[in-house]
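just to be clear, the model below is a prediction. Sequence and coordinates:
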Amino acid sequence: MEAIILAGGLGTRLQGVIGAQPKCMAMVNGRPFLSWLFEYLTRQKCTRAILSLGYKHEIVTDWVVKENLPFAVDYVVESEPLGTGGGIQLALLMAQEEDVVVLNGDTMFNIDLPEILAFHKSKNTITTLALKVMHRFDRYGIVNTDEQGCITAFEEKQYREAGMINGGAYVIKREAFLDKEFPQKFSFEKDFLEQYVAQQPLYGYCSSAYFIDIGVPDDYAQAQEDFKTLFS
């Protein structure tokens, strides 16, 4: 299993709490958030991780080389911000597996990766999104699917009583994605997902697993408590 972690974010909304460092290095319950993602990948039997880095990438690489990890870690570094799509594309050029897991470096979605990989392969799709049912929220857009899990539409952010959100974890068919020949810099969400949803089947895999995005101070504070028992 090969996984890309998008870990180049500045963390602007968290700077008042974590200072000027990459968001993936924010301390959560005594450990960098990236350490928790690595533990998650270890439990999921990952064999290789590719970090897509940018802002202050040396902080991340200097920390990683000191860690004793059970899987290989490689890096790609953006010389300038390439957007979520550009970061994924750059890392996929280094990937070796046909189907590659992609995770956000500021999100923990404790899904069963072998299960979503099997689902993805059964649908023979270019991309599968991990979806999470949320209640009473306005921070996320929603994803609509049919009964088979085929995504029918993405809807913009607004207050919702309930809906399925994009959980920031994906499985991507590497060569099919790279064959699209996107520009070097683009948005994965706007320029790929929303543009291609009407052209070819994209699938959603809904999970009730634990989910948190530490990108805002309130959720970052919540993670400090949640992670005390996350993998117990």
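In hand now; what should we look at? What you are looking at is a predicted structure, and each value in this text was computed from that prediction instead of being measured.

contacts and neighbour counts: CA atoms only from here.
Will do.

buried sites along stretch 108-125?
By neighbour count on 16 or more other Cα atoms under 10 Å, the buried set for stretch 108-125 is Met108, Phe109, Asn110, Ile111, Leu113, Ile116, Leu117, Phe119, His120, Lys123, Thr125.

out of these, which comes closest to Gly9?
Using Cα to Cα, Met108 is the member of these that sits closest to Gly9, with 15.1 Å.

and the closest one, that's in a strand?
Yes - assessed with DSSP: H, G, I helix; E, B strand; the rest coil, Met108 lies in a strand.

give the partner strands of the strand ranked longest in the chain in its sheet and their orientations.
Within the chain, and with DSSP state E defining each element, the longest strand by residue count is strand 160-173. When sheet partners are counted by DSSP bridges, strand 160-173 sits next to strand 99-104 (antiparallel), strand 127-137 (antiparallel).

could you pull out the buried residues of it?
Within strand 160-173, the residues scored as buried using 16+ other Cα under 10 Å are Gly163, Met164, Ile165, Asn166, Gly167, Gly168, Ala169, Tyr170, Val171, Ile172, Lys173.

export the residues you listed to CSV and tack on pLDDT and distance to Gln44?
Output for the buried residues of strand 160-173, formatted as CSV (pLDDT from 0 to 100; distance: Cα to Cα, whole Å):
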residue, pLDDT, distance to Gln44
Gly163, 97, 27
Met164, 98, 24
Ile165, 98, 22
Asn166, 97, 20
Gly167, 97, 17
Gly168, 95, 17
Ala169, 98, 14
Tyr170, 98, 15
Val171, 98, 14
Ile172, 98, 17
Lys173, 98, 19
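
excluding chain neighbours, what is closest to Ala169?
Leaving aside its chain neighbours, Ala169 sits nearest to Leu103 (4.7 Å; criterion: Cα to Cα, 6 or more residues apart in numbering).

quick one, what contacts that neighbour?
Ala3, Ile4, Ile5, Leu6, Gly168, Ala169, Tyr170 (Cα atoms under 8 Å, 6 or more residues apart in numbering).

beta partners for it?
With DSSP bridges applied, the residues forming beta bridges to Leu103 are Ile5, Ala169.

state the distance from it to Leu202.
Relative to Leu202, Leu103 is positioned 17 Å away (criterion: Cα to Cα, to the nearest Å).

can you tell me which of the strands paired with strand 160-173 is packed in deepest?
strand 99-104 (a mean of 22; mean count of other Cα atoms under 10 Å).

avg pLDDT for that strand?
Averaged across strand 99-104, pLDDT comes to 98.

can you pull out the helices in this protein?
Applying DSSP state H to the chain gives helices spanning 15-18, 33-43, 57-64, 83-92, 113-123, 174-178, 194-196, 217-226.

and the lowest-mean-pLDDT helix or strand in the chain, how far from the chain's centre?
Every helix and strand in the chain was compared by mean pLDDT, DSSP states H and E; the lowest is helix 15-18, with a mean of 80. Centre-to-centre, helix 15-18 and its host chain are 22 Å apart (Cα atoms, centre = their mean, to the nearest Å).
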